[in-house]
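Trainee: Using only what follows, build the 3D model:
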Amino acid sequence: MNKLNFYVNGDYAKFKSLLTGLATKRITVHVGERLQDTNGRHFYYYIEDGLIMRSVLFKSGLEHGLLLCGHDTLTPVYRSEGTSPESTLSLVAIHEAHVLAISHDKIDQLVYNNRDFNHQLILSYQRNIDYLIRKKELLLTSTGWQRLAYYLTCYLDEYEPSDDTVHVSQSLMGSLVVLNPVNTSRNMKKLRQLGLISTDRNGIKVLQREKLRQLGEIEEITI
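Mentor: Residues are numbered from 1 along each chain as shown. Sure thing, here's the model as predicted:
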């Protein structure tokens, strides 16, 4: 079974120097901070390092996580993303990130003049859409604790933290796997009672990685 990828990394690595030269400003985004340009109305953001969660904020106050963007990625994937009058696109740092802001017109010129970059933009768009379609299938075929177990093992596989601790808040993690705070708390309690994790203010420590992985095994529908 191929695992879903909660993370996009490295899509634009070969364009780094080109994008750096086009940047209007460089921003440091600390853990928990959000970029202020909602909906990407003025800028695309090139993530040099760190980890940014792309999510949708609804007027009701609910937040729905879409994807985690790591180094050498560009967001938003397309301009219209999250521009509904009922919601805004949010970019929040999970790990401290250094981000380059690049104006829309400069990216548009690059798309027009650079065939390789235009091709990469299309590939990245397809990759994101494919992920979101598969994510909906994941929600239809799994329980809350399976999704949390799945996310935690995906995180460990991607970042290999030395202490097996996931430094993501419960609320943000719940948002990424589409669980409300009450259900996130209830399902995290189940994982603690099974002896698979422990939690404290530093994060979520995975105690039995392989058992957690088995718990999070989810059959994936082939598109």
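Trainee: Provide a list of residue ranges in the chain with pLDDT below threshold.
Mentor: 1-6, 36-41, 61-64, 77-87, 129-140, 218-223 (pLDDT under 70).
Trainee: For the residue most central in space within the chain, which non-adjacent residue is closest in space?
Mentor: Central residue of the chain (Cα atoms, centre = their mean): residue 68, 1.4 Å from the mean position. In this structure, residue 68 finds its nearest non-sequential neighbour in residue 7, 4.8 Å apart by Cβ to Cβ, 6 or more residues apart in numbering. From N, CA and C alone the C-beta is placed, and that goes for glycine too.
Trainee: now the strands for this structure?
Mentor: Taking DSSP state E as the criterion, the chain carries its strands at 7-8, 25-29, 43-58, 63-69, 73-75, 87-103, 165-166, 197-200, 203-206.
Trainee: could those go into TSV alongside distance to residue 158?
Mentor: Shown next, in TSV, are these (distance: least, Cβ to Cβ, whole Å):
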stretch	distance to residue 158
strand 7-8	5
strand 25-29	19
strand 43-58	10
strand 63-69	9
strand 73-75	13
strand 87-103	12
strand 165-166	10
strand 197-200	17
strand 203-206	13
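Trainee: right, so the ones you listed: which one is the most enclosed?
Mentor: Highest mean neighbour count among the strands of the chain (mean count of other Cβ atoms under 10 Å): strand 73-75, with a mean of 23.
Trainee: got a list of contacts for that strand?
Mentor: 8-12, 19, 40, 44-47, 52, 54, 69, 91, 121, 124 (Cβ atoms under 8 Å, 6 or more residues apart in numbering).
Trainee: Just checking: what are the partner strands of that strand?
Mentor: Neighbouring strands of strand 73-75 in its sheet, by DSSP bridges, are strand 43-58 (antiparallel).
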